[in-house]
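> From the sequence below, what's the structure:
(2 chains)
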Number of protein chains: 2
Amino acid sequence: MAFHLLERDRDGARSIADALNETLSKVTRCRRCNTFSEKELCDICASPRRDPDTICVLETPADLESVEMAGVYRGMYFVLMGHLSPLDGIGPEELALDRLMELIGEDSVKEVILASNLTAEGEATAEYIHQLLADHSVKVTRIARGVPVGGEIEYLDHGTLSQAFAERRII
Amino acid sequence: MAFHLLERDRDGARSIADALNETLSKVTRCRRCNTFSEKELCDICASPRRDPDTICVLETPADLESVEMAGVYRGMYFVLMGHLSPLDGIGPEELALDRLMELIGEDSVKEVILASNLTAEGEATAEYIHQLLADHSVKVTRIARGVPVGGEIEYLDHGTLSQAFAERRII
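All right, here's what the predicted structure looks like:
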């Protein structure tokens, strides 16, 4: 792409650079949910139609986009902008967990949904936040682990099968 | 493979044919759990170390193999040898559901785990068996639906994300 721009489309390169610069100067973080936003308060945090009872904790703005696209959730968000990773020097401070705790301290919040990834780092991050909330009266939930929609038993990895059996539900 | 055998390995073809014939004559169905077995009662059904409290209902012997490999389950099985599929002419009779009901009627059985696939046909089959058991006192469970181990929110399909949110668990 770089060679193409340099060889044949120097105007295009210039407008990409301008667009990037404009984006960098305009896009900051929402002061409430920490996701990318052009305004001080992002559209979701500013909306009166979102349910302030529930905060869904996610790793990245891309995750937020994914959950919004699924159209399954009507509450608020908090975006960590990463996950705990001591080897990379990412601890609780880098994830703005103090701001998350402040948010959860608000009266309206009744449930915190931990929706970090089901990777090792995501699980550790969820567990860490869970422990931080041990003294809170707020309900803490974790997104369900198990077989994905359309999943076939024969082709599942052992870990997922174990989870699916261990967390089976009465129907 | 057929051309290779015919051109260069006619002896090999003959021994494959013999092996298949031998398998066909030896392997029948376990009279209890309906999976493939060389004996009247398969090794799992005959084992005194398996827990007779629980029956796990699966679609195929390959599914049974998968669950055994995961090493997560110590109860008994019942293999449907398929799933409900009216368009293919597969109804309750073809799945030996009468034999499953007989098995569940035994005193020792306290839980039935429905572990058919999470495909449309698998879900319909699970729901059908669930309805058949409406009058039974036995506990009926379904394997957990949700995000597979290692799953990342950003890359999940909408259906799985919806399930993971709808069936989130208090931790």
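
> you'd agree A:H83 is up against A:L58?
No. Counting by CB atoms under 8 Å, A:H83 stays clear of A:L58, with 10.2 Å between them. Heads up, the C-betas are built off the backbone N, CA and C, glycines and all.

> Of those two, which one has the most company?
A direct count of neighbours by other CB atoms under 10 Å in any protein chain shown for A:H83 and A:L58 places A:L58 higher, at 27 against 22.

> B:E59 versus that one, what's the distance?
Per CB to CB, to the nearest Å, A:L58 is found 35 Å from B:E59.

> before we move on, back to that, which residues are common contacts for A:H83 and A:L58?
A:S116 (CB atoms under 8 Å, 6 or more residues apart in numbering or on different chains).

> Show me where chain A has its helices.
Taking DSSP state H to define them, one finds helices in chain A at A:2-8, A:10-26, A:43-46, A:61-70, A:97-104, A:120-132, A:158-166.

> so how far is the third one off the chain centroid?
Going by CA atoms, centre = their mean, to the nearest Å, the spacing between the C-alpha centre of helix A:43-46 and its chain's C-alpha centre is 15 Å.

> Show me what that helix is packed up against.
For helix A:43-46, the elements it packs on are strand A:75-79, judged by 3 or more CB pairs under 8 Å, 6 or more residues apart in numbering or on different chains; DSSP states H and E.

> The strand it packs on - what's its average pLDDT?
Per-residue pLDDT over strand A:75-79 has a mean of 96.

> What are the contacting residues of the lengthiest strand in chain A?
Criterion DSSP state E: the longest strand present in chain A is strand A:51-58. Contact with strand A:51-58 is made by A:64, A:67, A:73-80, A:100, A:103-104, A:106, A:108-116, A:126, A:129, B:153, as judged by CB under 8 Å, 6+ apart.

> can I have it written out in CSV, keeping just the CAs?
The C-alpha trace of strand A:51-58 is given here as CSV (Å, rounded to 0.1, in the frame of the first residue of the first chain):
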residue,chain,number,x,y,z
ASP,A,51,-30.5,1.5,31.0
PRO,A,52,-28.3,3.0,33.7
ASP,A,53,-28.8,-0.1,36.0
THR,A,54,-26.2,-2.2,34.2
ILE,A,55,-22.6,-1.7,33.2
CYS,A,56,-20.9,-4.0,30.8
VAL,A,57,-17.1,-4.1,31.1
LEU,A,58,-15.3,-4.7,27.8
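
> who does it pair up with?
Its sheet considered, strand A:51-58 pairs with strand A:75-79 (parallel), strand A:111-114 (parallel) by DSSP bridges.

> Name the residues of that strand that come out as buried.
A:54-58 (16 or more other CB atoms under 10 Å in any protein chain shown).

> for stretch A:34-49, same thing?
Buried-residue list, stretch A:34-49, by 16+ other CB under 10 Å: A:34-35, A:37, A:42, A:44-45.

> Closest one to chain B out of the residues you listed, please.
A:T35 (13.5 Å; CB to the nearest CB).

> can I get the helices of chain A in TSV with mean pLDDT?
Putting the helices of chain A into TSV (pLDDT from 0 to 100) gives the following:
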stretch	mean pLDDT
helix A:2-8	93
helix A:10-26	95
helix A:43-46	95
helix A:61-70	95
helix A:97-104	93
helix A:120-132	95
helix A:158-166	93
